[in-house]
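**Student:** only the shape, not the letters, is given here:
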């Protein structure tokens with residue numbers, strides 16, 4: 001091919017690295033610009049030092065590699081052909097108050113048998129009489145995935161309310177799932193929730209169990225991926241944010257804090273706040289030729305994207321261990337704002353080394369979709385939930401802790417399901433990638449980031465009249 005010979009990828013998260021991988025394999029000279037000091041975006045990990053001198057990595061929270069993540073796993077096979085860094089977890093349990101427990105292991109692989117099996121496991125909270133009151137039309141949308149757009153104007157909360165499940169059954173079967181996408185139910189499109197339910201469960205023969213990395217994301221995922229990219233000629237530039245995109249001949253110029261960079265193609269793969277900043281500073285994206293069928297310019301489309309409510313991650317380095325039968329990861333419900341519990345030494349090498357040395361445990365607590373928070377009160381609530389579920393940890397003392405409070409994940413509000421930006425833009429050889437973007441097939445979270453990165457690379461490689 002003669003074009004593009006060069007490309008700039010803005011954003012060094014999964015989407016950007018996926019685009020860089022695909023472009024580099026096809027002979028394109030790629031430069032990746034990342035504003036942070038480290039690559040990885042929302043799966044980055046960075047070094048911290050504990051009071052006892054131990055150096056290890058901190059991340060933005062637990063990340064699951066579901067087994068239907070075909071794009072993400074395909075990319076990972078570039079540097080780990082057998083996926084040896086992934087550790088399978090046996091189950092994805094849901095813990096509720098008063099000993100409530102829901103497990104998702106060993107389910108049938110096909111619909112409706114997987115759904116029937118889950119319903120049978122949940123019969124403690126849902127009688128036959130309750131089943132007769134369920135809205136069948138709504139339930140069928142969840143099972144078939146058809147006509148999801150008609151639920152776009154409805155919130156996930158209203159949809160779940162309309163199913164008419166008993167409160168405890170709804171809590172154990174649906175609430176944890178809905179919270180896993182960071183968006184509060186009342187502020188999330190029901191169509192988006194239904195698509196994700198189908199992607200993760202009803203149309204997924206792998207079930208709801210998943211794998212995790214055997215170590216922190218830097219040594220187990222980002223560092224080997226970065227090394228692979230550099231071996232294939234990709235230039236990785238951290239601490240170098242892109243400020244604006246402009247035309248440069250037949251290609252593009254990307255403004256940075258110092259010398260502008262030029263290339264034949266650009267993949268814009270940063271998070272929503274970064275998209276906003278670039279859209280405001282780039283007249284090219286506001287040009288009339290970028291208007292879509294609704295009349296919005298590309299800049300207006302990007303500026304219409306929102307971030308969802310904040311989330312919190314609290315990693316505790318405790319002086320004792322939970323009971324041996326505790327799962328490495330558990331979702332939680334009905335315990336205030338506590339959404340899940342992870343026991344890191346059960347799967348991560350760095351944490352295991354620290355736990356073996358001290359006799360303690362590395363426990364992480366998450367809370368999603370938060371209102372403006374008071375940190376001390378939220379910490380008390382999270383610790384109270386942990387102590388109720390794992391009472392053996394109630395006397396545990398935190399030898400160290402790391403607290404993160406972030407608000408940069410994309411929102412999927414009612415009405416946004418069909419309006420989300422596409423990977424292909426009206427500007428030839430300028431593509432979008434990230435978990436904010438639309439894909440022509442069900443996907444979410446890390447898999448959507450990976451998929452859109454690959455699709456963005458193919459988009460800038462393929463002339464518009466042949467796409």
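**Tutor:** Right, received. Where do you want to start? If you're wondering where the values come from, they're calculated on a predicted model, not measured in any experiment.
**Student:** who does the helix or strand bottoming out on mean pLDDT in the chain touch, helix- and strand-wise?
**Tutor:** The weakest-scoring helix or strand in the chain, judged by mean pLDDT, DSSP states H and E, is helix 176-179 (a mean of 78). Applying 3 or more CB pairs under 8 Å, 6 or more residues apart in numbering; DSSP states H and E, we find helix 176-179 packed against helix 190-197. In short, each C-beta sits where N, CA and C put it, glycine included.
**Student:** what's the first helix or strand after the helix it packs on?
**Tutor:** Next helix or strand after helix 190-197 toward the C-terminus (DSSP states H and E): strand 210-213.
**Student:** ranges for the strands of the stretch 201-350 of the chain?
**Tutor:** Remark: strands assigned in the stretch 201-350 of the chain by DSSP state E, counting those that start in this stretch are 210-213, 235-237, 244-248, 251-255, 261-263, 265-268, 311-318, 329-332, 340-343.
**Student:** and the stretch 51-200 of the chain, by the same measure?
**Tutor:** 55-59, 65-66, 86-88, 94-95, 101-102.
**Student:** strands paired with the first one, and their directions?
**Tutor:** Looking back up the chat, that one is strand 55-59. Here strand 55-59 has these sheet partners by DSSP bridges: strand 45-49 (antiparallel).
**Student:** so how far is the strand it pairs with off the chain centroid?
**Tutor:** Distance of strand 45-49 from the chain centroid (CA atoms, centre = their mean, to the nearest Å) equals 21 Å.
**Student:** just want the angle from it to strand 311-318.
**Tutor:** For strand 45-49 against strand 311-318, the angle by axes from the mean of the first three to the mean of the last three CA atoms, to 10 degrees is 40 degrees.
**Student:** which residues does strand 45-49 contact?
**Tutor:** 37, 38, 55, 56, 57, 58, 59, 216, 217, 218, 222, 402 (CB atoms under 8 Å, 6 or more residues apart in numbering).
**Student:** mind putting the strands of the stretch 201-350 of the chain into JSON lines with mean neighbour count, mean pLDDT and distance to residue 410?
**Tutor:** Below are the strands of the stretch 201-350 of the chain laid out as JSON lines (neighbours: other CB atoms under 10 Å; pLDDT from 0 to 100; distance: least, CB to CB, whole Å):
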{"stretch": "strand 210-213", "mean neighbour count": "20", "mean pLDDT": "96", "distance to residue 410": "21"}
{"stretch": "strand 235-237", "mean neighbour count": "17", "mean pLDDT": "98", "distance to residue 410": "24"}
{"stretch": "strand 244-248", "mean neighbour count": "16", "mean pLDDT": "97", "distance to residue 410": "20"}
{"stretch": "strand 251-255", "mean neighbour count": "21", "mean pLDDT": "97", "distance to residue 410": "23"}
{"stretch": "strand 261-263", "mean neighbour count": "19", "mean pLDDT": "98", "distance to residue 410": "26"}
{"stretch": "strand 265-268", "mean neighbour count": "29", "mean pLDDT": "98", "distance to residue 410": "14"}
{"stretch": "strand 311-318", "mean neighbour count": "23", "mean pLDDT": "97", "distance to residue 410": "13"}
{"stretch": "strand 329-332", "mean neighbour count": "23", "mean pLDDT": "95", "distance to residue 410": "21"}
{"stretch": "strand 340-343", "mean neighbour count": "23", "mean pLDDT": "98", "distance to residue 410": "20"}
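**Student:** possible to save these as JSON lines with distance to residue 83?
**Tutor:** Listed next are the strands of the stretch 201-350 of the chain as JSON lines, based on distance: least, CB to CB, whole Å:
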{"stretch": "strand 210-213", "distance to residue 83": "8"}
{"stretch": "strand 235-237", "distance to residue 83": "23"}
{"stretch": "strand 244-248", "distance to residue 83": "36"}
{"stretch": "strand 251-255", "distance to residue 83": "34"}
{"stretch": "strand 261-263", "distance to residue 83": "32"}
{"stretch": "strand 265-268", "distance to residue 83": "26"}
{"stretch": "strand 311-318", "distance to residue 83": "26"}
{"stretch": "strand 329-332", "distance to residue 83": "19"}
{"stretch": "strand 340-343", "distance to residue 83": "21"}
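**Student:** what's the closest of those to residue 10?
**Tutor:** Proximity to residue 10, assessed across those by CB to CB, is greatest for strand 265-268 (5.2 Å).
**Student:** which one in this protein is furthest away from the centre?
**Tutor:** No residue in the chain sits farther from the centre than residue 129, which is 37.3 Å out by CA atoms, centre = their mean.
**Student:** the strands of the stretch 51-200 of the chain: which one's closest to residue 18?
**Tutor:** Nearest of the strands of the stretch 51-200 of the chain to residue 18, taken as CB to CB: strand 65-66 at 14.5 Å.
**Student:** low-confidence stretches in the chain?
**Tutor:** Scanning the chain for pLDDT under 70 picks out the ranges 1-2, 464-467.
**Student:** could you chop it up by domain?
**Tutor:** Structural domains assigned to the chain are 6-35+240-306+411-466, 45-88+210-216+309-406, 106-202, following automatic domain parsing.
**Student:** most neighbours per residue, which of those domains?
**Tutor:** domain 6-35+240-306+411-466 (a mean of 20; mean count of other CB atoms under 10 Å).
**Student:** all the helices of the stretch 301-450 of the chain, residue numbers only.
**Tutor:** 349-358, 375-389, 445-461 (DSSP state H, counting those that start in this stretch).
**Student:** can you put those in JSON lines and add distance to residue 163?
**Tutor:** Formatted as JSON lines, the helices of the stretch 301-450 of the chain follow (distance: least, CB to CB, whole Å):
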{"stretch": "helix 349-358", "distance to residue 163": "39"}
{"stretch": "helix 375-389", "distance to residue 163": "26"}
{"stretch": "helix 445-461", "distance to residue 163": "24"}
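**Student:** hmm, back to that, show me the contacts for the residue farthest from the centre of the chain.
**Tutor:** Counting by CB under 8 Å, 6+ apart, residue 129 makes contact with nothing.
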